[in-house]
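Asks: next comes the sequence, and after it the predicted model I'd like to discuss.
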Amino acid sequence: MSVRVRFAPSPTGYLHIGGARTALYNYLYAKACGGKLILRVEDTDLERSTKEYEQLQMQDLAWLGLEYDEGPEKPGEYGPYRQSERTDIHKKYAMQLVEQGKAYYCFCSDEELTAKKELAEKENRDPHYDGTCRNITLVEAQKRIEQGEKPLVRFKVPEKAYTLKDHVRGEVTFPKNMVGDFVMIRSNGMPVYNFCCVVDDYLMKISHVIRGEDHLNNTLRQLMIYEALEAPLPEFAHVSLLVGEDRQKLSKRHGATSVNMYKEDSYLPSAMVNYLTLLGWSHPEEKELFNLTELESVFALDRFSKSPAVFDLEKFRFINGQHLRELSDEKCVEAVSEILGSDSNYAAQSSEWRSEFISLFKEKVHFFSEYKGHLEDIFSTKYESSEALTEILGWESSPIILTYLKEQLASFDGEIVGSDQFSAWQDHVKKELKIKGKPLFMGMRGILTGKNHGSDLKRLIPLTPVSVLRDRLQNL
RNA sequence: GCUCCCAUCGUCUAGCCCGGUCUAGGACAUCGCCUUUUCACGGCGGUAACAGGGGUUCGAAUCCCCUUGGGAGUACCA
């Protein structure tokens, strides 16, 4: 049987990192098996779903490199791929179940239902639907519908236990009476998640359902529907959830939870893929740094961990830095251009300058956005008043170096102090002024950059315009 | 409340299914040292975990039970 998996987001917000992770696992499994990934938009909640979010989520998926084979924008044999466009199909199957006596119309009002539920809770009974409308005959029900009543459709839950075989959880048994007769079709005619999910997975020939553990309990209902529909069961894998540091479900107060935010913070998509994969899944050879393509050949459903994983920005940062270092200088130059914009000092420099700048700071930086600070440092003429710097400038050798460098800069003719020129100055200070060791190196650094640490001066000084150097020394 | 799921360093995890090779391995973070006359990168090393209690067994991180803690579901949300 050919492998067909799906990612089924609800377009009610930005793509969540948890959602991205399940999309990723589905993608990887499809690739690993030579199967297909289907994108199905679950927009039956008309109130909250929007086309904008749908678009945005698809963009984020594309940014991560998770291409799918069939979806709203990529029609295949099993469309449409938007659930809201499939209600006729859902209704058809619902009617089938009603006719077979496996589901029934329910005319109970909202008020009645909440009253019953509250009573049940008070009496410590399960707040399940009590089955009032279970025995209304189809003929009678149709008569009431003709008279204008707007019923919903409930599934008649069989009195038995169900067992689920799950790739992550193992065998999970749901005892009988765990759920009451649940709603399949709302009174407004829209089908409910648990029902259309099954109908669509069945019709779209989904072979493996890989999704978050929050759906584990739902699976019971879905098992019942598969059975009622006499549809073959897909295989299931319920992946553990992502949580915040406090072990609570990831939410806004934990910081950025949408893929979009990381994109804007200049995180690398490859790093995001790498890190997200690692949260709840482990490489057979315990590798921790990899890219999508490498994963495609080793991904398997038997290496998931069962417990929820804390999303840790610290490790994500490390991984991002590693991926950044893998990139060519050319790619980094381009990416940084986009981030810093066309009116920055960076854009104003020559392309040689830009690649030297990128290459010089590449080992220091974890994110592209961190280049901004380094850029500002190069063009800044201010002195940081730090204790360490004050100490350096306080050495008796420092004023001598300062005077010498001032003279040199005053008579210097050119835009850029090359590394040879810089070395010549350094040699002069060493040989003629007899300053060496720490006072030499730290003195030169402190005076020329206004900082007590930074990159190699031989590379940093040639990046710094002479005018900036002159101003700095003037400001001392 | 009821039902389901989960439990190894601070964090992500390997090991668990198929008990001994585990004085529990790796990674991030952290600390120290080396390297770089700074910083970073890199290298080396340290601190740090089988939730608790009962079984089963010659032997348990690994199998069973209970307790505790966490999560999810119990919707005309998905």
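Replies: Everything's here; your move. Residues are numbered from 1 along each chain as shown, chains lettered A, B, ... in the order given.

Asks: measure residue A:416 to RNA strand B for me?
Replies: Using Cβ to the nearest atom of the strand, to the nearest Å, one obtains 20 Å as the distance from residue A:416 to RNA strand B. (C-beta placed from N, C-alpha, C; glycine too.)

Asks: just the pLDDT for that residue.
Replies: The per-residue pLDDT reported for residue A:416 equals 84.

Asks: doesn't residue A:465 make contact with it?
Replies: Yes. The pair formed by residue A:416 and residue A:465 meets the contact definition of Cβ atoms under 8 Å, at 7.2 Å.

Asks: quick one: common contacting residues for the two?
Replies: Taking Cβ atoms under 8 Å, 6 or more residues apart in numbering as the contact rule, residue A:416 and residue A:465 touch no residue in common.

Asks: count of residues packed around residue A:241?
Replies: By other Cβ atoms under 10 Å, 18 other residues sit near residue A:241.

Asks: who touches it in this structure?
Replies: Neighbour list for residue A:241: A:18, A:212, A:213, A:214, A:249, A:250, A:308, A:309 [criterion: Cβ under 8 Å, 6+ apart].

Asks: for it, which non-adjacent residue is closest in space?
Replies: Counting by Cβ to Cβ, 6 or more residues apart in numbering, residue A:308 is the residue found nearest to residue A:241 once chain neighbours are left out, at 4.7 Å.

Asks: ok, now which ones touch that neighbour?
Replies: Contacts of residue A:308 were listed using Cβ under 8 Å, 6+ apart, and they are A:213, A:240, A:241, A:242, A:243, A:247.

Asks: where neighbours are concerned, which of these has the most?
Replies: residue A:242 (24 neighbours).

Asks: can you tell me how far that one is from RNA strand B?
Replies: For residue A:242, the distance to RNA strand B (Cβ to the nearest atom of the strand) stands at 9 Å.

Asks: likewise residue A:115?
Replies: Computed as Cβ to the nearest atom of the strand, the residue A:115 to RNA strand B distance reads 13 Å.

Asks: which secondary structure element contains that residue?
Replies: Using DSSP states H and E, residue A:115 sits in helix A:110-122.

Asks: for that helix, buried residues please.
Replies: By neighbour count on 16 or more other Cβ atoms under 10 Å, the buried set for helix A:110-122 is A:116, A:117, A:120.

Asks: pick the one among those closest to residue A:320.
Replies: Ranked by distance to residue A:320 (Cβ to Cβ), those are led by residue A:117 at 48.1 Å.

Asks: pLDDT value on the closest one, please?
Replies: Reading off the confidence values, residue A:117 has pLDDT 83.

Asks: again, but for residue A:111
Replies: Residue A:111 is assigned a predicted lDDT (pLDDT) of 84.

Asks: related to what we said a few turns ago, between which two of the contacts of residue A:241 is the distance greatest?
Replies: Among the contacts of residue A:241, the pair separated by the greatest distance (Cβ to Cβ) is A:214 and A:309, which sit 14.0 Å apart.

Asks: looking at those two, which has the bigger crowd around it?
Replies: More neighbours sit around residue A:309 than around the other of residue A:214 and residue A:309, counting by other Cβ under 10 Å; the figures are 17 against 12.

Asks: for the more buried one, what are phi and psi?
Replies: In this entry, residue A:309 is assigned phi and psi values of phi -110, psi 140 (degrees, to the nearest 10).

Asks: how about it, nearest residue that isn't a chain neighbour?
Replies: Distance criterion Cβ to Cβ, 6+ apart; nearest residue to residue A:309, sequence neighbours excluded, is residue A:279 at 4.1 Å.

Asks: just residue A:312 next, same as before
Replies: In this structure, residue A:312 finds its nearest non-sequential neighbour in residue A:245, 7.8 Å apart by Cβ to Cβ, 6+ apart.

Asks: do I have it right that the residue nearest to residue A:309 meets residue A:316?
Replies: No. Under the criterion of Cβ under 8 Å, residue A:279 lies out of contact with residue A:316, with a separation of 9.4 Å.

Asks: hmm, back to that, and which of the buried residues of helix A:110-122 is nearest to residue A:385?
Replies: Scanning the buried residues of helix A:110-122 for proximity to residue A:385, where the rule is Cβ to Cβ, the winner is residue A:117, at 67.2 Å.

Asks: count the residues that sit near the closest residue in space to the closest one that isn't next to it in sequence.
Replies: Among residues not flanking residue A:117 along the chain, residue A:127 sits closest, at 4.5 Å (Cβ to Cβ, 6+ apart). Residues lying near residue A:127 (other Cβ under 10 Å) number 16.

Asks: try residue A:304
Replies: Residue neighbour count, defined by other Cβ under 10 Å, stands at 18 for residue A:304.

Asks: tell me, how many residues neighbour residue A:160?
Replies: Residues near residue A:160, counting by other Cβ under 10 Å, number 11.

Asks: sec struct for it, please.
Replies: For residue A:160, the assignment made with DSSP: H, G, I helix; E, B strand; the rest coil gives coil.

Asks: so it touches residue A:177, yeah?
Replies: No. Under the criterion of Cβ under 8 Å, residue A:160 lies out of contact with residue A:177, with a separation of 9.3 Å.

Asks: for the residue most central in space within chain A, what are its contacts?
Replies: Nearest to the centroid of the C-alpha atoms of chain A, with distances taken as Cα atoms, centre = their mean, sits residue A:17, at 3.3 Å. Residue A:17 makes contact with A:242, A:250, A:257, A:258, A:259, A:262, A:272, A:276, A:311 under the criterion Cβ under 8 Å, 6+ apart.

Asks: packing partners for the helix holding residue A:115?
Replies: Packed against helix A:110-122, as judged by 3 or more Cβ pairs under 8 Å, 6 or more residues apart in numbering; DSSP states H and E, are no other helices or strands.

Asks: what's downstream of that helix, the next helix or strand?
Replies: Downstream of helix A:110-122, the next assigned helix or strand under DSSP H and E is helix A:138-146.

Asks: which secondary structure elements does whatever helix or strand comes next after that following helix contact?
Replies: The first helix or strand that comes after helix A:138-146 along the chain, using DSSP H and E, is strand A:152-155. Other helices and strands packing on strand A:152-155, by 3+ Cβ pairs under 8 Å, 6+ apart, are helix A:87-99, strand A:103-106, strand A:183-185, helix A:216-229.

Asks: now mean pLDDT, mean neighbour count and distance to RNA strand B too, for the ones you listed, in JSON lines please.
Replies: Output for these, formatted as JSON lines (pLDDT from 0 to 100; neighbours: other Cβ atoms under 10 Å; distance: least, Cβ to the nearest atom of the strand, whole Å):
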{"stretch": "helix A:87-99", "mean pLDDT": "95", "mean neighbour count": "16", "distance to RNA strand B": "11"}
{"stretch": "strand A:103-106", "mean pLDDT": "94", "mean neighbour count": "23", "distance to RNA strand B": "8"}
{"stretch": "strand A:183-185", "mean pLDDT": "94", "mean neighbour count": "24", "distance to RNA strand B": "4"}
{"stretch": "helix A:216-229", "mean pLDDT": "95", "mean neighbour count": "19", "distance to RNA strand B": "4"}
